[in-house]
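Peer 1: structure for the following, please:
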Amino acid sequence: MTAPEARRTIWFHRAFKGVTGGEIKHSHYFSHARRLASFSARITFTGGPLNESLAGERRRLWPVGSVDGATDWAPAEDDVLFLAGTDWRYLTAMALDGTDHPRINLVQHVRHANPDTELWSYLPRRAVRICVSTEVADAIARTGRPRGPVVAIPNATELPPWDWGDAAGCAAWEGRPRSVVVVGYKRPELAASLSERLRRDGVEHDVLTRVMERGSFLARLAETRVAVCLPDPTEGFYLPALEAMACGCVVVTLDAVGNRSFCRNGENCIVAGPDAERLARAVGHAFWLSEGARSNLLARAADAVAAHALHVERSRFHAVLGDVDGLWAEARRSVVPVVAGELSEEGGPGVASEVPSESPYRPRLAFMIVGAQKAGTSALAQFLDAHPEIGMSSLKEVHLFDAPEYSRDWTPAEIDERYRPHFAQGRFTGLPGETVLGEATPVYLFLPDVPAELRRYNPRLKVIVLLRDPVERAISHYYMERGRGGERRPLWQVLLLEPFRLLVSRDPRHPDSAQRVHSYRARGLYSGQLRRLYRVFDRDRVLVIRAEDLLGSHDAVMRQVFAFLDVSTEVRVSPAVVFEGEPGRRPHRVASWLLRLSYVAEFVRLRRLQRRGRLYDGSRNRRALRRSLGEPTA
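Peer 2: Numbering: from 1, shown residues only. Alright, predicted model coming up:
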């Protein structure tokens with residue numbers, strides 16, 4: 001009988017002086033670590049004696065006993081050290097600076113990127129850095145100082161979304177006993193000015209300029225209709241705004257680094273200017289909202305809370321711990337920034353040294369939407385980008401693999417360097433638990449040589465294909481080109497000319513080639529394009545969905561896509577317009593009928609793919625397939 005594998009310990013430290021958002025988040029990570037069977041978690045407290053109230057708060061945040069508590073750190077060889085804030089001081093005090101224990105550094109504020117702070121001096125020390133928002137990760141990555149991987153795991157809350165009924169929910173909001181609470185302990189002067197302005201307007205309100213006991217604070221929010229949350233402009237992640245959403249308040253807040261990732265002005269909150277006058281107007285606007293507008297805003301706020309659920313944060317942290325040795329090896333290999341007068345963590349001058357990587361390169365992009373053009377790819381990209389675990393390129397169609405200058409000699413790392421400007425820096429790491437990155441360039445499905453290049457870049461790439469009724473797609477394509485000025489002939493004429501245009505066309509990678517501009521019917525010949533994909537990608541790496549389902553069964557399709565990408569399926573993304581109307585479009589009944597007739601053989605080929613389980617969900621019947629492609633079902 002084999003002995004059970006020894007558990008590794010993650011060592012935590014806190015110099016606790018009071019409850020803050022940073023302390024709450026530290027306690028969450030301690031709890032996350034305790035949930036893993038392969039790790040145990042121990043914590044050391046320093047900072048002197050506490051009064052009874054603070055001692056109780058500390059026990060609530062870190063409920064530890066004799067097993068979990070420790071007088072001092074005493075890590076075994078394979079143990080992991082968890083550092084937050086100025087915990088680096090404790091590392092030095094315990095003479096652990098020069099050891100090879102993997103270190104995880106929780107970064108909760110953009111002031112780590114400020115050269116005037118102590119935190120700045122710690123960036124060159126080796127660590128796997130977990131940042132509480134993409135904005136924080138971007139800020140420290142731009143300094144060029146971090147030695148080791150930088151991972152963004154957006155902050156989460158343990159609070160569930162407020163459970164509103166429909167009409168009853170609005171009535172409950174109206175009946176709350178408190179009109180306005182100003183959460184002003186981060187901006188006390190602004191809170192005082194706003195309070196004076198609200199007093200002159202006769203608005204009943206409470207002002208919080210000191211941190212309350214958390215249970216009392218949340219109870220206060222649950223009684224309040226409008227919560228005015230005033231973050232520090234450089235806050236890493238502003239939790240009170242998310243907590244107020246979770247408590248069912250209409251949230252008025254300011255633009256700040258710490259809430260840009262989840263505060264959407266006019267969608268789930270009201271973002272006002274940073275002065276008392278504009279904040280007071282925003283409070284008035286919150287009360288003037290119609291019942292329907294308020295109900296919609298509160299529902300979207302509940303969606304934001306659900307997207308930042310604690311289990312999402314936990315799973316991403318567990319993914320980092322699952323590969324902590326590989327990530328630590330990456331930190332050890334990284335370059336030490338050379339800064340005059342600074343000492344390295346080993347005690348001597350910082351010396352830049354580059355050690356070749358010994359681990360396989362991890363391509364940064366995990367998935368791509370490859371087509372079809374005019375089938376709803378823009379809408380799908382927008383929906384996916386709203387998921388907190390997914391990051392789409394800032395430019396929807398990057399057109400990297402079909403660019404005239406593209407070379408088959410480019411390595412995956414060189415391809416990623418060309419993708420890098422199109423993604424937030426803090427997201428572009430390719431690490432376990434990191435944001436799932438993707439882009440959408442619909443022409444990739446159509447160009448014959450692109451699928452093989454996609455697989456060469458990332459053999460584990462996931463590919464998403466949307467298919468639309470090819471007749472509707474072709475006509476939509478035609479009107480798009482007319483709108484761009486690239487097509488002047490009538491529809492019937494361009495369909496007749498298309499084979500000749502494609503035959504004599506120049507290099508298909510040229511921006512003005514007929515393959516790109518005039519392939520109205522050809523792009524609807526989906527079967528051949530799908531076969532090219534299946535030649536290079538396994539079936540489980542390709543998801544084919546109907547554009548009509550994205551329009552008609554939005555939530556079900558999005559859950560299917562989220563499951564395919566291995567992200568949380570609990571997130572709900574609001575539906576939006578999938579197909580924009582084409583200005584000046586006419587019926588084209590005869591041309592449409594003839595075009596549909598020309599696709600008869602293609603419908604047969606698609607049915608063969610369907611029978612092999614390679615088209616849409618295998619549970620869909622043949623009649624549904626025909627209907628989606630516009631083929632008669634009788």
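
Peer 1: what's the helix or strand where residue 225 lies packed up against?
Peer 2: Here residue 225 sits within strand 224-229, counting by DSSP states H and E. If contacts are counted by 3 or more C-beta pairs under 8 Å, 6 or more residues apart in numbering; DSSP states H and E, strand 224-229 sits against strand 178-183, helix 239-246, strand 250-254, helix 276-288. All C-beta spots, glycine's among them, are computed from the backbone N, C-alpha and C.

Peer 1: show the pLDDT at residue 604.
Peer 2: Here the pLDDT value assigned to residue 604 is 88.

Peer 1: give the buried residues for the strand or helix carrying it.
Peer 2: Using DSSP H and E, residue 604 sits within helix 600-611. Of all the residues in helix 600-611, those buried under the rule 16 or more other C-beta atoms under 10 Å are 602, 603, 605, 606, 607, 609, 610.

Peer 1: could you say what helices and strands it packs with?
Peer 2: Against helix 600-611 (3+ C-beta pairs under 8 Å, 6+ apart) you get helix 526-536, helix 622-628.

Peer 1: thinking again about what came up before, can you put the helices and strands packed on strand 224-229 in a markdown table and add mean neighbour count and mean pLDDT?
Peer 2: Below are those laid out as a markdown table (neighbours: other C-beta atoms under 10 Å; pLDDT from 0 to 100):
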| stretch | mean neighbour count | mean pLDDT |
| --- | --- | --- |
| strand 178-183 | 22 | 96 |
| helix 239-246 | 27 | 94 |
| strand 250-254 | 27 | 96 |
| helix 276-288 | 18 | 94 |
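
Peer 1: possible to save these as CSV with distance to residue 127?
Peer 2: Shown next, in CSV, are the helices and strands packed on strand 224-229 (distance: least, C-beta to C-beta, whole Å):
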stretch, distance to residue 127
strand 178-183, 32
helix 239-246, 23
strand 250-254, 31
helix 276-288, 39
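
Peer 1: so which of these is nearest residue 377?
Peer 2: helix 239-246 (30.9 Å; C-beta to C-beta).

Peer 1: packing partners for the closest one?
Peer 2: helix 21-34, helix 214-222, strand 224-229, strand 250-254, helix 291-307.

Peer 1: name the nearest residue to residue 85, sequence neighbours excluded.
Peer 2: Closest residue to residue 85 apart from its sequence neighbours, by C-beta to C-beta, 6 or more residues apart in numbering: residue 22 at 6.8 Å.

Peer 1: list of residues touching stretch 531-551?
Peer 2: By C-beta atoms under 8 Å, 6 or more residues apart in numbering, the surrounding residues in contact with stretch 531-551 are 370, 375-376, 379-380, 445, 448, 451-452, 454-455, 460-469, 530, 556-557, 560-561, 564, 578-579, 609, 613-616, 628.

Peer 1: how about it: buried residues?
Peer 2: 532-533, 536-537, 541-551.

Peer 1: can you give me the strands for the stretch 251-400 of the chain?
Peer 2: Assigned by DSSP state E, counting those that start in this stretch, the strands in the stretch 251-400 of the chain fall at 270-272, 365-371, 390-392.

Peer 1: okay, now the sheet partners of the second one, with direction.
Peer 2: For strand 365-371, sheet partners with direction are given as strand 436-440 (parallel), strand 462-467 (parallel), following DSSP bridges.

Peer 1: let's have those in JSON lines, adding mean pLDDT, distance to residue 573 and mean neighbour count.
Peer 2: Output for those, formatted as JSON lines (pLDDT from 0 to 100; distance: least, C-beta to C-beta, whole Å; neighbours: other C-beta atoms under 10 Å):
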{"stretch": "strand 436-440", "mean pLDDT": "94", "distance to residue 573": "14", "mean neighbour count": "23"}
{"stretch": "strand 462-467", "mean pLDDT": "96", "distance to residue 573": "15", "mean neighbour count": "24"}
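
Peer 1: could those strands go into JSON lines alongside distance to residue 123?
Peer 2: What follows is the strands paired with strand 365-371, written out as JSON lines (distance: least, C-beta to C-beta, whole Å):
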{"stretch": "strand 436-440", "distance to residue 123": "24"}
{"stretch": "strand 462-467", "distance to residue 123": "34"}
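
Peer 1: what's the closest of those strands to residue 507?
Peer 2: Proximity to residue 507 (C-beta to C-beta) singles out strand 436-440 among the strands paired with strand 365-371, at 22.6 Å.

Peer 1: alpha carbons of the helix or strand following that closest one, as PDB, please.
Peer 2: Toward the C-terminal end, the helix or strand that comes next after strand 436-440 (DSSP H and E) is helix 443-446. In PDB, the C-alpha atoms belonging to helix 443-446 read as follows (Å, rounded to 0.1, in the frame of the first residue of the first chain):
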ATOM      1  CA  VAL A 443     -12.200  35.400 -43.800                       C
ATOM      2  CA  TYR A 444     -10.100  32.700 -42.100                       C
ATOM      3  CA  LEU A 445     -12.800  30.200 -42.800                       C
ATOM      4  CA  PHE A 446     -12.800  31.000 -46.600                       C
END
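
Peer 1: list the buried residues in helix 443-446.
Peer 2: Using 16+ other C-beta under 10 Å as the test for burial, helix 443-446 gives 443, 444, 445, 446.
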